[in-house]
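**Student:** predicted structure and sequence below. I'll ask about it afterward.
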Amino acid sequence: MKVLGVGNAIVDVLCKVDDQFIQDHNLTKGTMKLIDEQEFKKLLLNLKIENTVSGGSVANSIVGMSQLGDHVGFIGKVNSDDLGQKYIEGLKKENVEYFYKIKEENIPTGTCLILITPDSERTMCTFLGIAGQIDDQDIDEQAVKASEITFLEGYLWDEGGPTKAFGKALSFANKSAMSLSDPFCVDRHKSSFLDLVKNKLDIIFSNEKEAMSLIDAKSFDEVIEFGKSLNKLFIITRSDKGSMALDGDDVFETQAKTNLNIVDLTGAGDLFAAGFLHGYTNNKNPHESLKLGTEMASKIIQKIGARLD
């Protein structure tokens, strides 16, 4: 198996909103906020649903890799409720192996409201549900050992069960990769993320804002110097400024694609990671892998949602 993803198994509910809706509900555009089930239902009352799809950051990346022809798998916790069943069906339809024994739980399957404003930016309100209850017992040791890379998401990191799940996955991984996921996650878990980045991971995916936040950088040059000092693959997406991969003193860069009909930025980072990891696990060099990541990201932002058809 090329890559095993470990992440939050979340059903994405996509809705178009105006900027006023974001302001009225005290949300910060372009970030993710954790909410409870009650708040989720309250927000949903005022929204028109555009689409519902199996999601979760790493799951999106894994599906993207499968669509590129890679043998991949996923571990994430769902309930045996209707949404949970649909989630698993969605993965199987995309030829993703699912390594979790589903059972009836007291907590429902997790859901994420993805609010898309007219500028195509997405703001997320996530009710983790049972996804946030993952622990080390849910990690399939054999699946981790059988994969070339175990890919984790920063969204998953939380005290208790999730950190134990993280630890077990990392302890059996042949190689480990992680997405920093969101500035909210970085700020919330800065010391833990720094430890993971410096001491436990082989490959790190970040956007510019997350990387700056991680080390409290005042300039992007500081990020580059930090990335070089890691002596491991540190991949940074920079929106319209393209992307780069740092590997010790080696710096690889590629330009962003232009003249795109951008409709929704949901999944841009997820599909970028899919393209990059597809290249990396098929013996492409970092520059070629960056190009593949850019290609996948440019496709997904021209449609609604985080899954290519």
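**Tutor:** All right, it came through fine.
**Student:** flag every buried residue along stretch 71-85.
**Tutor:** Judged by neighbour count using 16 or more other C-beta atoms under 10 Å, the buried positions of stretch 71-85 are 71-79, 81, 83-84. For the C-beta atoms, the positions are set from N, CA and C on the backbone; glycine is no exception.
**Student:** is it possible to export the residues you listed to CSV including pLDDT and distance to residue 205?
**Tutor:** Below are those laid out as CSV (pLDDT from 0 to 100; distance: C-beta to C-beta, whole Å):
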residue, pLDDT, distance to residue 205
71, 98, 21
72, 98, 16
73, 98, 19
74, 98, 17
75, 97, 18
76, 97, 18
77, 96, 22
78, 96, 24
79, 95, 29
81, 92, 31
83, 89, 27
84, 92, 27
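**Student:** and those residues, which of them are in helices?
**Tutor:** Counting by DSSP state H, the part of those found in helices is 83-84.
**Student:** export the buried residues of stretch 71-85 to CSV and tack on distance to residue 122?
**Tutor:** Conversion of the buried residues of stretch 71-85 to CSV gives the following (distance: C-beta to C-beta, whole Å):
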residue, distance to residue 122
71, 30
72, 24
73, 27
74, 22
75, 25
76, 20
77, 24
78, 22
79, 25
81, 25
83, 20
84, 24
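**Student:** closest to residue 15 among the buried residues of stretch 71-85?
**Tutor:** Ranked by distance to residue 15 (C-beta to C-beta), those are led by residue 83 at 16.5 Å.
**Student:** any figure for the gap between the residue nearest the centre of the chain and residue 272?
**Tutor:** What sits nearest the mean C-alpha location of the chain, by C-alpha atoms, centre = their mean, is residue 57, with 2.7 Å. Plainly put, residue 57 is 11 Å away from residue 272 if you go by C-beta to C-beta, to the nearest Å.
**Student:** equivalent analysis for residue 117, please.
**Tutor:** Going from residue 117 to residue 272 by C-beta to C-beta gives 21 Å.
**Student:** what's the answer for residue 35, then?
**Tutor:** Distance of residue 35 to residue 272, given as C-beta to C-beta: 27 Å.
**Student:** and these two? which has more neighbours close in?
**Tutor:** Shown here are residue 35 and residue 272; by other C-beta atoms under 10 Å, residue 272 has more neighbours (27 against 21).
**Student:** my read is that the more buried one contacts residue 242, right?
**Tutor:** No. With contact defined as C-beta atoms under 8 Å, residue 272 and residue 242 do not form a contacting pair (11.0 Å).
**Student:** identify the contacts common to these two.
**Tutor:** Shared contacts of residue 272 and residue 242, defined by C-beta atoms under 8 Å, 6 or more residues apart in numbering, are found at residue 294.
**Student:** can you give me the strands for the protein?
**Tutor:** Taking DSSP state E as the criterion, the chain contains strands spanning 3-6, 10-16, 32-34, 49-55, 72-75, 97-98, 110-116, 122-127, 149-153, 176-179, 203-207, 233-237, 243-247, 250-254.
**Student:** distance of residue 119 relative to residue 58?
**Tutor:** On the measure of C-beta to C-beta, residue 119 and residue 58 end up 26 Å apart.
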